[in-house]
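Student: Fold the following.
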Amino acid sequence: MEEVPLIDLGPLRDGTAAGVARVAREIGAAARDIGFFAVANHGVSDALVAEMFAATRAFFALPLEEKDALAIEGSAAYLGYARAELERLDPTLPGDVKETFNMGRERAADDPDVLNGTPFVAPNRWPALPGFRATMVRYFETLTQVALDLHRAIAVDLGLPEHFFAGFYDRPLAAMRVLHYPPHPGDFDGTRYGAGPHTDYGGITLLAQDGTEGLEVRRRDGTWIAVAPAAGTFVCNIGDAMMRWTNDVYVSNAHRVVNRSGRERYSCAFFCEPNPDALIACIPACASPSRPAKYPPIAFSDFLRSKVEAVYS
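Tutor: Residues are numbered from 1 along each chain as shown. Next comes the predicted model:
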């Protein structure tokens with residue numbers, strides 16, 4: 001874990017200027033280096049995490065026909081159930097050996113973004129599983145606050161006002177997916193992954209692991225290191241939009257999942273993604289005459305579409 005540092009978020013949550021600055025420095029160092037870090041003292045109760053994992057296991061234990069009734073092919077916003085091998089996070093490889101359930105922020109049918117047909121916005125689709133919806137919504141809302149707090153620290157590290165990102169996340173396309181990885185079929189040969197090598201698309205990701213290893217992160221020298229699960233922590237990584245915002249000052253790094261454990265593996269990834277119309281343009285503090293902006297501005301929904309369509313092609 002030396003290369004994926006563990007950061008205590010207590011000082012950030014306390015809100016003192018010195019505490020925020022300390023966490024900001026630690027996050028900034030990790031974001032510039034490997035693009036990954038773990039967070040502790042984040043304010044999410046162990047009981048809620050356990051409840052989320054219990055609901056996750058119950059969902060994936062449902063008969064296939066019940067899960068398929070929620071197949072993401074029926075959602076323009078890619079919400080619902082994705083069967084094993086439907087996704088290819090690395091389009092050059094076979095389909096990923098995992099199944100997922102995808103949800104977004106809870107929205108009513110008369111939500112303005114729903115009525116306007118905003119890209120990637122739709123009401124969630126839920127199984128008839130007692131307690132599942134309530135648990136997932138509560139967990140989603142709790143993780144949203146953790147992710148927004150982390151953006152405060154990121155802003156401070158970049159020399160911006162602490163609440164710089166708030167206006168980009170007041171109608172977020174935040175998404176969450178629970179995942180089930182069966183044991184890897186046979187010996188790992190470098191072609192069959194639980195999740196193929198990829199980067200994430202948004203601002204930051206918060207990952208909860210069930211105690212089963214499998215997540216691996218690429219180092220700058222091209223080798224891969226395992227990120228062992230640690231109780232009471234989330235693994236956090238920088239996404240492509242944040243890397244683009246920061247003109248590659250922060251690193252959105254490749255990662256993958258290989259479930260070599262011989263048992264079922266479950267995880268939950270919360271993707272803190274900005275508003276659909278948020279303009280992802282180089283932050284002025286991240287550019288200079290010697291380091292001009294590398295990317296043209298783009299609305300986040302357009303950026304996201306270019307990423308997601310490749311996965312499901």
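Student: Doesn't residue 269 lie inside a helix?
Tutor: No - using DSSP: H, G, I helix; E, B strand; the rest coil, the secondary structure at residue 269 is strand, not a helix.
Student: surely it meets residue 195?
Tutor: No - counting by CB atoms under 8 Å, residue 269 does not reach residue 195; the two are 9.5 Å apart. In short, each C-beta sits where N, CA and C put it, glycine included.
Student: ok, residue 220 - contacts?
Tutor: Residues near residue 220 by CB atoms under 8 Å, 6 or more residues apart in numbering: 33-34.
Student: Tell me the predicted confidence for it.
Tutor: Listed pLDDT for residue 220 reads 79.
Student: if I look at it, how far off is residue 200?
Tutor: Using CB to CB, to the nearest Å, residue 220 is found at 18 Å from residue 200.
Student: now residue 279
Tutor: Going from residue 279 to residue 200 by CB to CB gives 20 Å.
Student: what's the answer for residue 60, then?
Tutor: Relative to residue 200, and taking CB to CB, residue 60 is found at 22 Å.
Student: Tell me the helix or strand right after the host helix or strand of residue 241.
Tutor: Using DSSP states H and E, residue 241 falls within helix 240-245. For helix 240-245, the following helix or strand on the C-terminal side (DSSP H and E) is strand 255-257.
Student: Mind giving me the packing neighbours of that following strand?
Tutor: Contacts defined by 3 or more CB pairs under 8 Å, 6 or more residues apart in numbering; DSSP states H and E place strand 255-257 against strand 195-198, strand 215-218.
Student: Kindly reformat those strands as JSON lines and extend each row with mean neighbour count and distance to residue 284.
Tutor: JSON lines is the format used below for those (neighbours: other CB atoms under 10 Å; distance: least, CB to CB, whole Å):
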{"stretch": "strand 195-198", "mean neighbour count": "22", "distance to residue 284": "30"}
{"stretch": "strand 215-218", "mean neighbour count": "20", "distance to residue 284": "30"}
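Student: so which of those gets nearest residue 305?
Tutor: The minimum distance between residue 305 and the helices and strands packed on strand 255-257 falls on strand 195-198, with 16.3 Å, by CB to CB.
Student: Within its sheet, name the partner strands of the helix or strand just after the closest one and how each one runs.
Tutor: On the C-terminal side of strand 195-198, the closest following helix or strand by DSSP H and E is strand 204-209. In the sheet, strand 204-209 lines up against strand 234-238 (antiparallel), strand 265-272 (antiparallel) (DSSP bridges).
Student: Now do stretch 27-37: everything it contacts.
Tutor: For stretch 27-37, the external contacting residues (CB under 8 Å, 6+ apart) are 3-7, 26, 150, 153-154, 157-158, 217, 219-220, 227, 235-238, 242-243, 249-253, 255.
Student: Of the residues you listed, keep whichever come out buried.
Tutor: 4-5, 7, 26, 150, 153-154, 157-158, 217, 227, 235-238, 242-243, 249-253, 255 (16 or more other CB atoms under 10 Å).
Student: And the strands in the chain?
Tutor: Remark: strands assigned in the chain by DSSP state E are 6-8, 36-40, 80-82, 99-104, 175-181, 195-198, 204-209, 215-218, 224-226, 234-238, 255-257, 265-272, 279-280, 298-299.
Student: Reformat these as TSV; add distance to residue 289.
Tutor: Converted to TSV, the strands of the chain look like this (distance: least, CB to CB, whole Å):
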stretch	distance to residue 289
strand 6-8	33
strand 36-40	31
strand 80-82	46
strand 99-104	41
strand 175-181	37
strand 195-198	34
strand 204-209	29
strand 215-218	32
strand 224-226	36
strand 234-238	25
strand 255-257	34
strand 265-272	32
strand 279-280	22
strand 298-299	23
